[in-house]
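Chemist: Just a sequence and a predicted model for now, questions to come.
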Amino acid sequence: MLRIPHRRTFRAGTGRARHRRTAATLLASAVSVCLIAASAPAVPLGIGDRLFPYLGNPGYDVLSYDIALDYPGRNDRPLRAVTTIDARLTADLDRINLDFAHGTVHSVEVDGGPAGFTSAGEDLVITPADDLDEGERARITVRHTSVPVAAEDREGGWVRTADGLVLANQADAAHLVFPCNDHPSDKAVFTFRITAPDGHTAVANGLPAGADRTRGSTTWTYKTLHPMATELAQVSIGRSTVLHRTGPHGLPLRDVVPTAHRAELEPWLAKTPAQISWMEERVGRYPFETYGLLLADASTGFALETQTLSLFERDLFTDPALPAWYIESIMVHELAHQWFGNSVSPRTWSDLWLNEGHATWYEALYAQERGGGSLDERMKAAYEASDGWRAAGGPPAAPKPPEPGRKTGIFQPNVYSGAALVLYALREEIGRAAFERLERDWVTRHRNGTATTSDFVRLASRVAGRDLTGFLHPWLYGATTPPMPGRPEWKSATRAATPARRPLPPAHRPDGSRE
């Protein structure tokens with residue numbers, strides 16, 4: 001995410017698990033299908049993430065999501081939805097907790113049989129007919145509504161546009177849209193089946209897998225070929241045009257734009273193939289099956305790296321006050337996330353700096369080449385501000401927890417330019433050649449997976465040929481910013497006994513703010 005400063009299907013298991021079919025038939029009464037009493041009250045669970053302790057759920061690994069959405073033609077009415085989850089059990093469970101907090105659940109099935117359900121906090125707690133055993137696979141089907149009107153005191157999920165809907169699920173809002181294991185450590189492949197009335201177009205992550213037209217509506221199907229975190233899911237429904245072009249190595253590109261603005265947006269969209277080539281020169285082959293831009297007719301205040309289809313405000317590209325280099329660098333920021341954050345996802349939300357620091361790094365490099373000021377100048381300004389950022393938001397690898405109802409509060413300058421400053425210091429310490437090798441090795445070694453800050457420190461040490469723990473830990477976890485290698489004259493504005501600097505122009509501020 002970057003805040004913009006202008007205004008596997010599988011066969012059911014065998015053995016003792018199959019006796020559940022008989023047991024499930026005993027649950028056919030209306031009362032027991034709706035809610036099954038348990039010996040202990042249902043409680044919300046979580047995997048203990050330091051920033052979001054109740055996010056995610058233990059005991060299973062999601063393999064795939066199949067999400068069917070039926071759009072009623074208006075973006076202020078609930079969508080009918082069916083979410084099917086295939087999961088592998090990693091522990092014995094008598095209940096399954098899913099994250100889901102903004103919709104009505106009509107029924108739940110586990111392996112084809114009715115299951116009880118209730119809510120606890122922001123969890124949907126499911127009680128199957130029989131206990132689930134470690135190592136087995138289970139299929140969970142939830143029939144529910146998906147509500148596009150924002151939840152009270154919550155951010156994210158559906159975003160209502162001038163002509164439909166898009167998704168913005170970061171950091172923990174996918175479960176406001178569909179039941180899921182809403183933590184980036186549990187990635188899965190996705191299938192989307194989106195039905196909308198004639199006159200609308202639906203697009204989602206991945207590649208198209210068919211469009212079935214019936215009288216008055218069309219159902220579009222999209223499938224991802226690579227695992228994806230729930231926070232990166234994207235669905236666009238609107239009166240849009242899909243533009244197609246070809247990127248490097250024959251990569252299929254598609255952009256989704258409001259039909260009325262197609263002509264004025266095309267020159268910007270045509271820049272994507274060259275930007276992908278620019279990134280590939282630095283970190284290697286683009287990691288996914290397709291890419292494109294989704295330009296929404298909505299005021300969000302941010303751009304978002306939803307996997308294979310990055311979300312932007314349309315106005316970013318039509319505001320005459322914004323220089324071309326700035327707009328293009330924001331495009332590259334979200335593109336860089338496809339490697340850093342999407343292909344290599346954070347194991348915990350405290351590892352967010354690995355996403356945003358890298359995306360900010362390549363944004364700054366690209367801006368430098370397009371007339372947006374030098375990287376050194378930008379990093380010097382970041383250094384001067386860094387102690388203040390650490391005091392306000394925590395060090396880059398240990399951000400402060402967000403306030404209740406403000407989960408996007410973790411997206412502060414400390415994990416953007418503050419984290420890019422860590423990368424700059426590392427490059428100064430180990431040299432440009434070793435740093436560039438580290439960047440390529442990082443996205444290759446962890447492709448389609450998750451990684452931690454400790455993983456990055458270990459790999460950096462291996463590439464450099466020496467233990468960098470003592471160097472990197474103060475940069476990542478210290479309350480104050482360490483001295484910059486090779487730049488003894490750089491001083492923190494917080495500690496320097498000098499008059500305050502004249503404010504930078506908005507587009508040159510190290511955190512990108514305009515306030």
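Modeler: Everything's here; your move. Residues are numbered from 1 along each chain as shown.

Chemist: contacts, neighbours, all on C-alpha from now
Modeler: Will do.

Chemist: residues in contact with the residue nearest to residue 439 when sequence neighbours are not counted?
Modeler: Of all residues not flanking residue 439 in the chain, residue 283 sits nearest, at 6.1 Å (CA to CA, 6 or more residues apart in numbering). Counting by CA atoms under 8 Å, 6 or more residues apart in numbering, residue 283 touches 436, 439, 440, 443.

Chemist: Now a PyMOL select for only the buried ones of those.
Modeler: Typed into PyMOL, the line below selects the buried ones among the contacts of residue 283, using 16 or more other CA atoms under 10 Å:
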select buried, resi 439+440+443
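
Chemist: Rebuild the contacts of residue 283 as a markdown table, extending it with pLDDT and secondary structure.
Modeler: Below are the contacts of residue 283 laid out as a markdown table (pLDDT from 0 to 100; DSSP: H, G, I helix; E, B strand; the rest coil):
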| residue | pLDDT | secondary structure |
| --- | --- | --- |
| 436 | 98 | helix |
| 439 | 98 | helix |
| 440 | 98 | helix |
| 443 | 98 | helix |
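
Chemist: So which elements touch the one helix or strand residue 378 maps to?
Modeler: In the assignment (DSSP states H and E), residue 378 maps to helix 375-393. Here helix 375-393 touches helix 352-369, helix 417-430, going by 3 or more CA pairs under 8 Å, 6 or more residues apart in numbering; DSSP states H and E.

Chemist: so which of these gets nearest residue 226?
Modeler: helix 352-369 (18.0 Å; CA to CA).

Chemist: what about residue 273, which SS state?
Modeler: helix (DSSP: H, G, I helix; E, B strand; the rest coil).

Chemist: Excluding covalently adjacent residues, which one is nearest to it?
Modeler: Residue 273's closest residue in space is residue 247 (CA to CA, 6+ apart), at 4.7 Å.

Chemist: mind checking the backbone torsions on that neighbour?
Modeler: phi -100, psi -170 (degrees, to the nearest 10).

Chemist: Residue 159 now?
Modeler: Dihedral angles (degrees, to the nearest 10) for residue 159: phi -120, psi 120.

Chemist: Can you pull out the low-pLDDT segments for the stretch 151-300 of the chain?
Modeler: By pLDDT under 70, the stretch 151-300 of the chain contains no weakly predicted segment.

Chemist: now swap in the stretch 351-500 of the chain and tell me
Modeler: For the stretch 351-500 of the chain, the ranges with pLDDT under 70 are 495-500.

Chemist: one more time with 80
Modeler: Along the stretch 351-500 of the chain, the model assigns pLDDT under 80 to residues 404-407, 494-500.

Chemist: ok, residue 406 - contacts?
Modeler: Counting by CA under 8 Å, 6+ apart, residue 406 has contacts 154, 155.

Chemist: That one and residue 166, how far apart?
Modeler: The gap separating residue 406 from residue 166 is 20 Å, by CA to CA, to the nearest Å.

Chemist: just residue 432 next, same as before
Modeler: For residue 432 relative to residue 166 (CA to CA), the value is 40 Å.

Chemist: do the same with residue 337
Modeler: Per CA to CA, residue 337 is found 19 Å from residue 166.

Chemist: Repeat that for residue 315.
Modeler: 16 Å.

Chemist: the more surrounded of those two?
Modeler: Taking neighbours as other CA atoms under 10 Å, residue 315 and residue 166 compare with residue 166 leading, 26 against 15.

Chemist: What strand or helix carries that one?
Modeler: Applying DSSP H and E, one finds residue 166 within strand 165-168.

Chemist: after that strand comes which helix or strand?
Modeler: Going down the chain from strand 165-168, the next helix or strand is strand 189-197, by DSSP H and E.

Chemist: Direction included, what does that following strand pair against?
Modeler: strand 60-70 (parallel), strand 217-223 (antiparallel) (DSSP bridges).

Chemist: of all these, which lies closest to residue 118?
Modeler: strand 60-70 (18.9 Å).

Chemist: hmm, who's touching the following helix or strand past that closest one?
Modeler: Note on strand 60-70: by DSSP H and E, the next helix or strand toward the C-terminus is strand 79-89. Contacts to strand 79-89, defined as CA under 8 Å, 6+ apart, come from residues 8-10, 59-72, 132-148, 178-180.

Chemist: In PyMOL, how would I select just the buried ones from those?
Modeler: Here is the PyMOL command that picks out the buried ones among those, judged by 16+ other CA under 10 Å:
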select buried, resi 59+60+61+62+63+64+65+66+67+68+69+70+71+132+133+136+137+138+139+140+141+142+143+144+145+146+147+148+178+179+180
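
Chemist: Can you work out which other helices and strands pack against the one helix or strand residue 434 maps to?
Modeler: Assigned by DSSP H and E, residue 434 falls within helix 432-445. With contacts defined as 3+ CA pairs under 8 Å, 6+ apart, the packing partners of helix 432-445 are helix 272-283, helix 417-430, helix 453-464.

Chemist: Could you list the buried residues of the longest one?
Modeler: Right, helix 417-430. Buried residues in helix 417-430 (16+ other CA under 10 Å): 417-427, 429-430.

Chemist: Now do it: everything it contacts.
Modeler: 353-354, 356-358, 360-361, 379, 382-383, 386, 389, 396, 434-435, 464, 472, 475-476, 484-486, 510-511.

Chemist: Quick one, which of those are buried?
Modeler: 353-354, 356-358, 360-361, 379, 382-383, 386, 389, 396, 434-435, 464, 472, 475-476, 484, 510-511.

Chemist: Quickly note the distance from residue 329 to residue 335.
Modeler: 10 Å.

Chemist: More neighbours: which of these two?
Modeler: Higher neighbour count among residue 329 and residue 335: residue 335, with 30 against 24, using other CA under 10 Å.

Chemist: Now do the contacts for the more buried one.
Modeler: Contacts of residue 335 by CA under 8 Å, 6+ apart are 276, 305, 310, 359.

Chemist: To which secondary structure element is it assigned?
Modeler: Assigned by DSSP H and E, residue 335 belongs to helix 324-337.

Chemist: okay, that helix in PDB with CA atoms only?
Modeler: Extracted in PDB, the C-alpha atoms of helix 324-337 (Å, rounded to 0.1, in the frame of the first residue of the first chain):
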ATOM      1  CA  ALA A 324       5.000  12.700 -14.700                       C
ATOM      2  CA  TRP A 325       8.000  11.300 -12.900                       C
ATOM      3  CA  TYR A 326       6.000  11.200  -9.700                       C
ATOM      4  CA  ILE A 327       3.100   9.300 -11.200                       C
ATOM      5  CA  GLU A 328       5.400   6.800 -12.900                       C
ATOM      6  CA  SER A 329       7.300   6.300  -9.700                       C
ATOM      7  CA  ILE A 330       4.100   5.400  -7.900                       C
ATOM      8  CA  MET A 331       3.300   2.900 -10.600                       C
ATOM      9  CA  VAL A 332       6.700   1.300 -10.000                       C
ATOM     10  CA  HIS A 333       6.100   1.200  -6.300                       C
ATOM     11  CA  GLU A 334       3.100  -1.000  -6.700                       C
ATOM     12  CA  LEU A 335       4.800  -3.000  -9.500                       C
ATOM     13  CA  ALA A 336       7.800  -3.700  -7.200                       C
ATOM     14  CA  HIS A 337       5.400  -5.100  -4.600                       C
END
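
Chemist: Now do that helix against helix 352-369: the angle between them, please.
Modeler: 150 degrees (axes from the mean of the first three to the mean of the last three CA atoms, to 10 degrees).

Chemist: buried ones in helix 324-337?
Modeler: Quick answer for helix 324-337 (16+ other CA under 10 Å): 325-337.

Chemist: All the strands of the stretch 101-250 of the chain, in order from the start?
Modeler: Assigned by DSSP state E, counting those that start in this stretch, the stretch 101-250 of the chain shows strands spanning 105-110, 113-114, 116-120, 123-127, 137-146, 157-160, 165-168, 189-197, 201-204, 207-214, 217-223, 235-238, 240-246.
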